[in-house]
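Enquirer: build me a model:
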Amino acid sequence: MEYYEKNTKLSINEIIELSNELNTIQDLDILLEKILYEARRSVNADAGSIYIKVNDELVFSHVQNDTLSRYLPHGQKLIYTTFRIKINMHSIAGFVAATGSILNISNVNNIDPNLPYKFNSTYDDISHYKTTSMLTVPLQTINGTIIGVLQLINAIDANSNIIPFTKEDEPIVMLFANNASIVLQRAQMTRALLLRMIRMAELRDPKETGSHVNRVATYAIEIYERWAKRYKLNEKELQNNRDILRMAAMLHDVGKVAISDLILKKPSQFNAQEYEIMKSHTYLGARLFHDKQSLFDEIASIVALTHHENWDGTGYPGYIDIDSGQPLEKDKYGKAKPRKGEEIPIYGRIVALADVYDALSSKRVYKDAWDEDSVMSEIKALSGKKFDPELVDIFFESHDFLKSIKQRYPDIE
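Expert: A predicted model of the protein is given here:
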C-alpha cells in the first residue's frame, strides 16, 4: 500500500466504518495489510508491524514504514523478511502476547532496566531507521484468546515530528484491534479451509504444497497490482480483485485431485494419451467452481482453466466445454482451438508466469532448484512465447520484491 498523508487521525465513527469495510476482505494476508495500514492511520503512526500467534511463538508477518518507503524507487515496495519470537516476558511483543496487556512506550531507548522486557534494535540497525515511540496492543478474540500482536511505531505530529502516542490513542487502537480480531479470525478460518483443499491435492501430487501455492498466489497479486496500476484501475476494484485473485491462485491446480496416481506420480515422461489425461486437470478444476455464487468462483474457474494457456497459442486446454471436456471450437486437427494472446484472461496469464517462476526456483524430488540467473534467463526467453511480454516486463520490474516472497513461505523439509 502507498503511504498516506500524516495528521489525519480517525474518529470513532470512522473506525467503526473501517471495521465494516474489513469484513469485505476475504484473504488473510491482504486483510493483515489493511489492518496494519488503517491502524497506523488511526493514530498517525509512521510505521508498524503485525505478529501472528503460531503455537507458543509470534511470527513477524507484515511491516509498513512510510519513512523508508519514501526512499524507494517509484512503484517499489519495502522488502522484509519474516522471523519468529517466543511468547515470553523478554520482548515487547512477547510481553503483550503473554499478558494480554497494552504497552504504550514513549521512548523505547529509555526503557527502565528493571522491567522484564527490552527493545531489540536489530531492525533499526539494519534499516538505518530510529524507533522512538511505540504502541503495542494484543489482537484477541471475544473470549480473550490471543491471536496476534499489533505494533505501531513513531507517532507523528502536525509538524512531522516524532512524538509519544497519547493516552487517548490507546482506546482508539484497542477498539480497532478488537474489531479487526473478529474479522481476522474469520480470514484465518478461510485460509485454513483453502489449505485443507491444497493438502488434498498434495496427497495426490507432492508438488502442490502449502508453501508453493502461497508463493504462487503472492507473486500473482504483486504482478496483478502493477498491471492494474498501468491500466489505471480504480483502487476499490484493484483491491477487491487482488483479494479474490490471491485465493483463486492458491487453487490453480486443484483439478489434479481427479487425476490417477498412475499418471500424476509417474516418474518418467508421459506418453501422448497420458499427457491428454493430465491436461484435463484444468477443466476438471474449473468444474469445481461451475455453480458460480460469487466473483471468487468466477476468477477461480478462470485461473484453473487457463493457467496452462500460452501467449503464442501452444498451450492447453483451449476453448473447451468444462462439463463435457469437449471442444467448443476446433482447430484443423479436430482438437480444441487454443487460446492465444489477449484471448487468455489476464488472471490466467498472471498465474501462468507466477507458477512457472516458482516451479523453476524450487527444489523437487526430480530436480534441483535453478539458480536465479538461469530462471530469469528462461523467463526472458519465453516472453512472447509462453508468457505475455507486458507481464514479463512487470515481472522484471518487481523481481527484487518477488525474490523476498520466497523467504516468507519456505518449503518445509
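Enquirer: so which strand or helix has the residue sitting furthest away from the middle of the chain?
Expert: Summary for the chain: using CA atoms, centre = their mean, the residue whose C-alpha lies farthest from the chain's mean C-alpha position is Lys332, with a distance of 41.7 Å. Following DSSP states H and E, one finds Lys332 outside all helices and strands.
Enquirer: does Val149 touch Val59 like I think?
Expert: No. In this structure Val149 lies outside contact range of Val59 using CB atoms under 8 Å: 10.3 Å. Every C-beta, even on glycine, is put in place using the N, C-alpha and C of the backbone.
Enquirer: shared neighbours of the two, which are they?
Expert: In terms of CB atoms under 8 Å, 6 or more residues apart in numbering, Val149 and Val59 are both contacted by the residues Tyr51, Lys53.
Enquirer: OK, contacts around the residue farthest from the centre of the chain?
Expert: Contacts of Lys332 (CB under 8 Å, 6+ apart): none.
Enquirer: and Leu238, how many neighbours?
Expert: A count of neighbours around Leu238, defined by other CB atoms under 10 Å, yields 17.
Enquirer: and it, that's in a helix?
Expert: Yes. Read with DSSP: H, G, I helix; E, B strand; the rest coil, Leu238 is one of the residues of a helix.
Enquirer: thinking again about what came up before, neighbour-wise, which of Val149 and Val59 wins?
Expert: For Val149 against Val59, the residue with the higher neighbour count under other CB under 10 Å is Val149, and the figures read 29 against 16.
Enquirer: roughly how far does the residue farthest from the centre of the chain sit from Pro338?
Expert: To Pro338, Lys332 is 12 Å away according to CB to CB, to the nearest Å.
Enquirer: who's in contact with stretch 28-40?
Expert: Among residues not part of stretch 28-40, those counted as contacts by CB under 8 Å, 6+ apart are 1, 4, 10, 18, 22, 25, 45-50, 52, 61-64, 150, 152, 173, 176-177, 180, 183-184, 187-188, 190-191, 218, 221, 239, 242-243, 246.
Enquirer: from the residues you listed, which land in helices?
Expert: When the contacts of stretch 28-40 are checked against helices (DSSP state H), the matches are 18, 22, 173, 176-177, 180, 183-184, 187-188, 190-191, 218, 221, 239, 242-243, 246.
Enquirer: tell me how far the helix or strand containing Trp227 lies from the chain's centre.
Expert: In this structure, Trp227 is located in helix 210-230 according to DSSP H and E. From the chain centre to the centre of helix 210-230 is a distance of 7 Å (CA atoms, centre = their mean, to the nearest Å).
Enquirer: against which helices or strands is it packed?
Expert: Counting contacts by 3 or more CB pairs under 8 Å, 6 or more residues apart in numbering; DSSP states H and E, the secondary-structure elements packed against helix 210-230 are helix 169-204, helix 235-250, helix 346-361, helix 389-397, helix 399-408.
Enquirer: report the angle between the fourth one and helix 346-361.
Expert: Put plainly, it is helix 389-397. Interaxial angle, helix 389-397 versus helix 346-361 (axes from the mean of the first three to the mean of the last three CA atoms, to 10 degrees): 50 degrees.
Enquirer: can you give me how far helix 389-397 is from the chain middle?
Expert: 19 Å.
Enquirer: check contacts around the nearest residue to Ala304 once chain neighbours are set aside.
Expert: Taking CB to CB, 6 or more residues apart in numbering as the measure, Ala304 lies nearest to Gly285, with 3.3 Å between them; neighbours along the chain are not counted. By CB under 8 Å, 6+ apart, Gly285 lies in contact with Leu251, His252, Asp253, Val254, Gly255, Lys256, Ala304, Leu305.
Enquirer: pull out the buried residues from the contacts of stretch 28-40.
Expert: 1, 10, 18, 22, 25, 45-50, 52, 61-64, 150, 152, 173, 176-177, 180, 183-184, 187, 191, 218, 221, 239, 242-243, 246 (16 or more other CB atoms under 10 Å).
Enquirer: tell me the most buried of the helices and strands packed on helix 210-230?
Expert: Using mean count of other CB atoms under 10 Å, the stretch among the helices and strands packed on helix 210-230 with the largest mean neighbour count is helix 346-361, at a mean of 23.
Enquirer: on contacts alone, who are the packing partners of that helix?
Expert: So helix 346-361, by 3+ CB pairs under 8 Å, 6+ apart, packs with helix 210-230, helix 235-250, helix 295-306, helix 372-381, helix 389-397.
Enquirer: let's see 10 Å
Expert: helix 210-230, helix 235-250, helix 295-306, helix 372-381, helix 389-397, helix 399-408 (3 or more CB pairs under 10 Å, 6 or more residues apart in numbering; DSSP states H and E).
Enquirer: would you mind giving these as a markdown table with distance to Gln269 and mean pLDDT added?
Expert: Supplementary listing: the helices and strands packed on helix 346-361 in a markdown table, determined by distance: least, CB to CB, whole Å; pLDDT from 0 to 100:
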| stretch | distance to Gln269 | mean pLDDT |
| --- | --- | --- |
| helix 210-230 | 22 | 92 |
| helix 235-250 | 28 | 91 |
| helix 295-306 | 24 | 94 |
| helix 372-381 | 20 | 96 |
| helix 389-397 | 28 | 97 |
| helix 399-408 | 28 | 86 |
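Enquirer: tell me how this protein divides into domains.
Expert: What automatic domain parsing lists as the domains of the chain is 12-187, 205-408.
Enquirer: CSV please, covering those domains and showing distance to Ile198.
Expert: Formatted as CSV, the entries for these read as follows, by distance: least, CB to CB, whole Å:
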stretch, distance to Ile198
domain 12-187, 14
domain 205-408, 5
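Enquirer: checking the residue nearest to Ala304 next. Helix, strand or coil?
Expert: Strictly by three-state DSSP, Gly285 counts as helix.
Enquirer: turn the helices and strands packed on helix 210-230 into a markdown table, including distance to Leu36.
Expert: Formatted as a markdown table, the entries for the helices and strands packed on helix 210-230 read as follows, by distance: least, CB to CB, whole Å:
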| stretch | distance to Leu36 |
| --- | --- |
| helix 169-204 | 9 |
| helix 235-250 | 14 |
| helix 346-361 | 24 |
| helix 389-397 | 24 |
| helix 399-408 | 15 |
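Enquirer: and Gln273, which of those is closest to it?
Expert: helix 169-204 (19.2 Å; CB to CB).
Enquirer: can you give me the angle the closest one makes with helix 210-230?
Expert: The directions of helix 169-204 and helix 210-230 differ by 120 degrees, with the same axes, to 10 degrees as the criterion.
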